[in-house]
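[1] Sequence first, then the predicted structure:
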Amino acid sequence: MWPLALEVHAQASASIELEWRAPAGCPSGADVLRRIDALAGSAGAVETPLHATATIARSRGGLLHLQLRVRAGAVAGERHLDGKSCDDLAGAAAVTLVLLLQSGQPLPAASPRPAAAAPQPTASPSGTSRPPAASAPQPSAAAPQPSTPQAGTPATPSTARSVDAEAQPSADEPSSAGSRRPFRVLVQLPALTSNFGLLPGPSLGVAFATGLEFSRALVLAEGSLWLPQRWQSELRPDAGVRVDRVEVSLRACWVFAYGQFTLAPCAAASLEHLWARGEGRRVAAQTAASTWLAAGLGARARWQLTSWLGLVVLAEAQVGAARPIVYIEGVGRLGQLGPAAVELGVGSEWIL
Amino acid sequence: MGALVAALSVALACERELRVGEWVCNPNDAATPDRMAEVAAPWSTGFEAEFCDYSDQAGFCYGDPNASYTTVTSPVRSGHYAAAFHVNTDDAQAHQTRCVRQGVFPTTAYYGAWYLVPARADNADLWNLLHFRGGDPSAQHGLWDVSLINGGSGDLELVVYDFLNARVRRPTSPTPIPIGVWFHVELYLVRAADATGEVALYQDGRLLLRATNLVTDDSSWGQWYVGNLASALTPAESTLYVDDVTIRTSR
């Protein structure tokens, strides 16, 4: 096994950044960039810089294998070439990059082609400075490889195994399409939420949430403000209480994507805070408050309307660690919080 | 660390009670009603607001130190509450507990209350249900009583005592009160300082006795007591339940 050498070269020309990994004894990244410069001359400038990662490794059959990954802005592609020598593959990489530089695109989309018996490049890279002819074949969907290398240029293995793929999110990988960040910022606003079972009557509220989505993992911090409720004494209808409640939650989800839809089972921990004040003509009112923890399990679904906006629906079952009792002295108990509740929510989610 | 433990213990406490107020008759310290004012009729209380319907109208409830009065949710005749007046005739500090309306009463009115006597008792002296007094706030004297006595068979019966004429007025046809069942006691009183007054006693709407052309009230200001006053009962402890007390000008 050859020791790998890692070199990073920025701007051999103004439009390309090459990360070159190759065993010892292979041409260096600087060599490849010099070949690119020689091949491309001044005609290779593109608006969006190319970032290329080339890795040469020895395969099981003894051949050398080049993996070339190219990214231009939000679009990326990948190509594989087999060859007998490092020089051949370095030359092929240089030619490929020059062609891409001239086309202004990274690797075009193409159907994966099964690997044939990998023929060898027909010519060794010469390293001459003559640029490819204007009629040099461009990469296309049907023919991703330059099939007719020009004289004086390194021959590209025309039958080399080639697998081109656009970097689109797959069905089960909802991670950031078109984003270089490993995460996306999510903001839920506005969101409406409802709770059944915690208070004697259904609760309605508004919620705000923000969080991060890392590939399949999703973490959200959420705050909910519930509309006040009023409970009356059954025995003394002119005595009652107003109950206000706020909730802060931390929710962790695991995301499964199905096209524009994602479904995510979630676990949540919440801090509930309730305060209540007596009401009534004959009530000397005072305010009392309570804070307790709650835990929940549920699911979250998102329909992604655009790349930056989704519609979110949440259903969750919650269990609280406390069941406060609210009472008025001389009247008795007005109500007690339930042991468990179901929370339903809907809202828009901004994907940043 | 200590603060964290304290916060967790608070958050995880399973059950806690939140006291959000206290029932009081006059939470806003409204002006005290005038006890010299006329008593408006009709008026009623079912004790749904505890005893506030008395204090709202310049009335009051009281008891001997060892007697007690409270509201109960059972038995009740209507609504959610009734009043319970408890005395113990073996205890000189527990002979009476009652609620009082006071002021200038209507010239003509029916004064009624629903009573429940849970058990029969032997009364060797006085067992009063309704009591009327006249005079002024500093000094009063008795006018009328509606009380219980044991009849010939031992059953409890209603009688009227006329303070101004110092005589007991008994129904011509004795009618025992029911035990353990709500029954209505009502006294019709035409107040008069001369011999134009009238008094009539009704039990469950049935006229038991009626007297006319007599002095019924020699004062303009008075008090009306409803509750339990006893001095010699066997057994000594007695709880009377009262609900739906009314003053009305017609039946």
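    Noted; the coordinates are in hand.
[2] Which helix or which strand is home to the closest residue to chain B within the stretch 251-352 of chain A?
    With Cβ to the nearest Cβ as the measure, residue A:278 is the residue of the stretch 251-352 of chain A nearest to chain B, at 2.6 Å. For every residue, glycine as well, the C-beta is placed using N, CA and C. Using DSSP states H and E, residue A:278 sits in strand A:261-280.
[3] Strand partners (parallel or antiparallel) of that strand?
    strand A:239-254 (antiparallel), strand A:256-258 (antiparallel), strand A:287-306 (antiparallel) (DSSP bridges).
[4] Return the most buried member of these.
    Ranked by mean neighbour count, the strands paired with strand A:261-280 are led by strand A:239-254 with a mean of 20 (mean count of other Cβ atoms under 10 Å in any protein chain shown).
[5] Distance from the chain centre to that strand, please.
    31 Å (Cα atoms, centre = their mean, to the nearest Å).
[6] ok now do the closest residue to chain B within the stretch 51-200 of chain A, which residues does it touch?
    Closest residue of the stretch 51-200 of chain A to chain B, Cβ to the nearest Cβ: residue A:199 (13.0 Å). Contacts here follow Cβ atoms under 8 Å, 6 or more residues apart in numbering or on different chains; on that basis residue A:199 touches A:229, A:243, A:245, A:335, A:337-338.
[7] Just put the residues you listed in a markdown table and tack on distance to residue A:92.
    Output for those, formatted as a markdown table (distance: Cβ to Cβ, whole Å):
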| residue | distance to residue A:92 |
| --- | --- |
| A:229 | 72 |
| A:243 | 73 |
| A:245 | 67 |
| A:335 | 77 |
| A:337 | 71 |
| A:338 | 70 |
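[8] related to what we said a few turns ago, lowest average pLDDT across the strands paired with strand A:261-280?
    When the strands paired with strand A:261-280 are compared on average pLDDT, strand A:256-258 comes out lowest at a mean of 92.
[9] For the stretch 1-150 of chain B, which residue gets nearest to chain A?
    residue B:21 (2.6 Å).
[10] can you count the residues close to that residue?
    28 (other Cβ atoms under 10 Å in any protein chain shown).
[11] now do residue A:59
    Residue A:59: 10 neighbours (other Cβ under 10 Å).
[12] shouldn't it be in contact with residue A:84?
    No - in this structure, residue A:59 is not within contact of residue A:84 by Cβ atoms under 8 Å, at 11.1 Å.
[13] residue ranges of the strands in the stretch 51-200 of chain B, please?
    B:60-63, B:68-72, B:82-88, B:96-103, B:108-116, B:122-123, B:127-136, B:139-150, B:156-162, B:167-169, B:183-190, B:197-203 (DSSP state E, counting those that start in this stretch).
[14] by contact count, what packs against the first one?
    The helices and strands touching strand B:60-63, judged by 3 or more Cβ pairs under 8 Å, 6 or more residues apart in numbering or on different chains; DSSP states H and E, are strand B:96-103.
[15] With adjacent residues omitted, what lies nearest to residue B:80?
    Leaving aside its sequence neighbours, residue B:80 sits nearest to residue A:235 (Cβ to Cβ, 6 or more residues apart in numbering or on different chains; 4.5 Å).
[16] Tell me how far that neighbour lies from residue B:113.
    21 Å (Cβ to Cβ, to the nearest Å).
[17] Those two - which one has more neighbours?
    residue B:113 (25 against 16).
[18] residues contacting the closest residue to the more buried one other than its chain neighbours?
    Distances taken as Cβ to Cβ, 6+ apart place residue B:245 nearest to residue B:113, at 4.5 Å, with adjacent residues excluded. Counting by Cβ under 8 Å, 6+ apart, residue B:245 makes contact with B:44-46, B:99, B:112-114, B:226.
[19] same thing with residue B:133?
    B:140-143, B:222-225.
[20] ok, of the residues you listed, which come out buried?
    Buried subset of these (neighbour count, 16 or more other Cβ atoms under 10 Å in any protein chain shown): B:140, B:143, B:222-225.
[21] before we move on, back to that, per-residue confidence at the residue of the stretch 51-200 of chain A closest to chain B?
    93.
[22] what's the answer for residue B:4, then?
    At residue B:4, pLDDT is 63.
[23] Downstream of the helix or strand bottoming out on mean pLDDT in chain A, the next helix or strand is which one?
    When the helices and strands of chain A are scored by mean pLDDT, DSSP states H and E, strand A:4-10 comes last with a mean of 41. The helix or strand immediately downstream of strand A:4-10 is strand A:16-23, counting by DSSP H and E.
[24] In CSV, list the C-alpha atoms belonging to that next one.
    C-alpha atoms of strand A:16-23 as CSV (Å, rounded to 0.1, in the frame of the first residue of the first chain):
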residue,chain,number,x,y,z
ILE,A,16,-10.4,25.9,-10.2
GLU,A,17,-9.5,24.6,-6.8
LEU,A,18,-8.1,21.1,-6.7
GLU,A,19,-7.8,18.8,-3.8
TRP,A,20,-5.5,15.9,-4.9
ARG,A,21,-5.0,12.7,-3.1
ALA,A,22,-2.6,10.2,-4.7
PRO,A,23,-0.2,7.5,-3.6
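[25] Direction included, what does it pair up with?
    strand A:4-10 (antiparallel), strand A:50-58 (parallel).
[26] Find the closest residue to chain A in the stretch 101-250 of chain B.
    residue B:243 (14.4 Å).
[27] Isn't that residue up against residue B:183?
    No - with contacts counted by Cβ under 8 Å, residue B:243 stays clear of residue B:183, the gap being 11.1 Å.
[28] Show me whatever sits in contact with both of those two.
    Joint contacts of residue B:243 and residue B:183 (Cβ under 8 Å, 6+ apart) are B:114, B:116.
[29] and the two? which has more neighbours close in?
    More crowded of residue B:243 and residue B:183, by other Cβ under 10 Å: residue B:243, with 23 against 18.
[30] Quick check: the gap between that one and residue B:113.
    The value you get for residue B:243 to residue B:113, if Cβ to Cβ is used, is 8 Å.
[31] quick revisit: could you export the strands paired with strand A:261-280 as CSV, including distance to residue B:195?
    Below are the strands paired with strand A:261-280 laid out as CSV (distance: least, Cβ to Cβ, whole Å):
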stretch, distance to residue B:195
strand A:239-254, 50
strand A:256-258, 99
strand A:287-306, 62
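[32] So for residue B:74, which of those sits nearest?
    strand A:239-254 (19.7 Å; Cβ to Cβ).
[33] Let's see the closest one as PDB, backbone CA atoms only.
    Extracted C-alpha coordinates of strand A:239-254, given in PDB (Å, rounded to 0.1, in the frame of the first residue of the first chain):
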ATOM      1  CA  ALA A 239     -66.900  32.100  42.100                       C
ATOM      2  CA  GLY A 240     -64.300  31.100  39.600                       C
ATOM      3  CA  VAL A 241     -60.700  31.300  38.500                       C
ATOM      4  CA  ARG A 242     -58.800  32.500  35.500                       C
ATOM      5  CA  VAL A 243     -56.000  30.100  34.500                       C
ATOM      6  CA  ASP A 244     -53.000  31.100  32.300                       C
ATOM      7  CA  ARG A 245     -50.300  28.800  31.000                       C
ATOM      8  CA  VAL A 246     -47.100  28.900  29.100                       C
ATOM      9  CA  GLU A 247     -44.900  26.100  27.900                       C
ATOM     10  CA  VAL A 248     -41.300  25.700  26.800                       C
ATOM     11  CA  SER A 249     -40.300  22.500  25.000                       C
ATOM     12  CA  LEU A 250     -37.300  20.900  23.600                       C
ATOM     13  CA  ARG A 251     -38.200  18.400  20.900                       C
ATOM     14  CA  ALA A 252     -35.800  15.900  19.100                       C
ATOM     15  CA  CYS A 253     -37.000  14.100  16.000                       C
ATOM     16  CA  TRP A 254     -35.700  11.600  13.500                       C
END
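[34] give the contact list for the closest residue to residue B:197 other than its chain neighbours.
    Leaving aside its sequence neighbours, residue B:197 sits nearest to residue B:216 (Cβ to Cβ, 6+ apart; 3.2 Å). Shown in contact with residue B:216 (Cβ under 8 Å, 6+ apart): B:143-144, B:164, B:189-192, B:197-199.
[35] Output those in CSV, with pLDDT appended to each entry.
    Listed next are these as CSV, based on pLDDT from 0 to 100:
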residue, pLDDT
B:143, 98
B:144, 98
B:164, 96
B:189, 98
B:190, 98
B:191, 98
B:192, 97
B:197, 97
B:198, 98
B:199, 98
